[in-house]
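**Student:** let's see this in three dimensions:
(one chain, ligands or ions: 1)
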Amino acid sequence: MKAFKYLSPKTIEEAIAFHGQHSETAKYMGGGTDVIVKVKEGWMEPDFLISLKKIKGLCELHKNDATGELSIGAMVTHATLEKSLMIQNEYPIIYDAVSNIGSLQVRNVGTIGGNLINAVPSADGAIPLIALDGVALLHGPDGERSVEVKDLFIEPYKTILKPGELLKKITIPPPAPHTGSAYIKFGRRAAMELPLIGIGVLLTLEDDLKTCAKARICLGVAAPTPMRAFDAEKFLAGKEINEEILIEAGKIAADESKVRDSVRGKAWHRKEMIRVHVRRMGLKCIEIIKNNR
Ligand SMILES: Cc1cc2nc3c(=O)[nH]c(=O)nc-3n(C[C@H](O)[C@H](O)[C@H](O)COP(=O)(O)OP(=O)(O)OC[C@H]3O[C@@H](n4cnc5c(N)ncnc54)[C@H](O)[C@@H]3O)c2cc1C
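**Tutor:** Residues are numbered from 1 along each chain as shown. Predicted coordinates:
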């Protein structure tokens, strides 16, 4: 393993300045569960690792009581999200996703920010944040800018972040009344397994508790980047939600996915699992909505 210098700035400005001084050879680090593996294996050879651990505010998980907006700092760990009663009760799709990432050890140090910026198609944390219309706040040498989480990704391991830019937090608008959400990481094993396919569904119903006001169907490992199944979402909007309609939405989502064969699974199997689990997650959303009435 190539030696590197570990830098530990206390402010975002300091981190960006460090990065500016060594831009070609410096890398930001969250929990390091991806970065350190890559450095050890020789896939990445930075001269400087800039840890974001000591920067105040990046670890905050907070809901604004007045606006209902949820704010998740980039350095919030999967374990913090998993253990939060607010996340368990009000954002089940986040809980479903983060509670199945890696192992307890990985969840204790791995961060939601690192999960997004690593930008792999299988990032479990990306799917709920896209489904919830999350917005990423970025901070770089030219100041701050916001971008929808769904627009962060360009291709595997590549995001829209400019040199020196870092992810500060993700904000999530308050879910509308009568909203349910659920995620399943479908794989061959229950633990320590990247998903064969990841399926997240969010449904908001009208006051009649039948008609779909809003649908989000988000898929991991179904394309080079985490994706939304826009055709399936459009199909559901305005329709009375029942099992047959969800089966149809599952077929549409499977058809618009860009699944492929890989060492972990075959494309046809991934499509089948999208069909099956869009229906299942949709039914789970309805159950959540009815239980919260
Ligand atoms: C054994 C094992 C099992 C795993 N299982 C899963 C799994 O089931 N599901 C899953 O989705 N992932 C899994 N992972 C991958 C990894 O743990 C997660 O992606 C984790 O969330 C990464 O977060 P981190 O803080 O450790 O990222 P780091 O390793 O610190 O960083 C990852 C990337 O993001 C960049 N980065 C980090 N934070 C920021 C920031 N705030 N701003 C800008 N750039 C930043 C880094 O420069 C780097 O490029 C697993 C990893 C291991 C080692």
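**Student:** quick one: residue 175 from the ligand, how far?
**Tutor:** In this structure, residue 175 and the ligand are separated by 23 Å, where distance is defined by C-beta to the nearest ligand atom, to the nearest Å. To be clear about C-beta, it is placed using only N, CA and C from the backbone, and glycine gets the same treatment.
**Student:** hmm, residue 89 and that residue touching each other?
**Tutor:** No: look at residue 175 against residue 89 with C-beta atoms under 8 Å: they stay out of range, at 11.8 Å.
**Student:** of those two, which one has the most company?
**Tutor:** residue 175 (19 against 10; other C-beta atoms under 10 Å).
**Student:** just to be sure, that one is in a strand?
**Tutor:** No: membership of residue 175 in a strand is not supported by DSSP: H, G, I helix; E, B strand; the rest coil, which gives coil.
**Student:** dump the residue contacts of it.
**Tutor:** The contact partners of residue 175, by C-beta atoms under 8 Å, 6 or more residues apart in numbering, come to 90-91, 132, 181, 202, 204.
**Student:** check residue 104 too.
**Tutor:** The neighbours of residue 104, taking C-beta under 8 Å, 6+ apart as the test, are residue 79.
**Student:** what are the phi and psi values for it?
**Tutor:** Backbone torsions for residue 104, taken as degrees, to the nearest 10, come to phi -60, psi -40.
**Student:** can you check the one 10 residues further on too?
**Tutor:** Taking degrees, to the nearest 10, you get phi -60, psi -40 for the backbone angles of residue 114.
**Student:** give me the pLDDT value at the closest residue to it other than its chain neighbours.
**Tutor:** Spatial nearest neighbour of residue 114, chain neighbours left out: residue 30 (3.5 Å); criterion: C-beta to C-beta, 6 or more residues apart in numbering. Residue 30 is assigned a pLDDT of 98 by the prediction.
**Student:** if I look at residue 30, how far off is the ligand?
**Tutor:** Counting by C-beta to the nearest ligand atom, the gap from residue 30 to the ligand is 3 Å.
**Student:** reformat the contacts of residue 175 as a markdown table; add distance to residue 114 and pLDDT.
**Tutor:** Putting those into a markdown table (distance: C-beta to C-beta, whole Å; pLDDT from 0 to 100) gives the following:
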| residue | distance to residue 114 | pLDDT |
| --- | --- | --- |
| 90 | 24 | 96 |
| 91 | 19 | 97 |
| 132 | 19 | 98 |
| 181 | 23 | 98 |
| 202 | 24 | 98 |
| 204 | 30 | 98 |
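**Student:** now, the residues you listed that are in helices?
**Tutor:** In helices, defined here by DSSP state H, the members of the contacts of residue 175 are residue 90.
**Student:** for residue 79, which residues are in contact?
**Tutor:** Residues counted as contacts of residue 79 (C-beta under 8 Å, 6+ apart) are 104, 107-108.
**Student:** and the helix or strand hosting it, what's buried?
**Tutor:** Taking DSSP states H and E as the definition, residue 79 sits inside helix 78-83. Of all the residues in helix 78-83, those buried under the rule 16 or more other C-beta atoms under 10 Å are 78-82.
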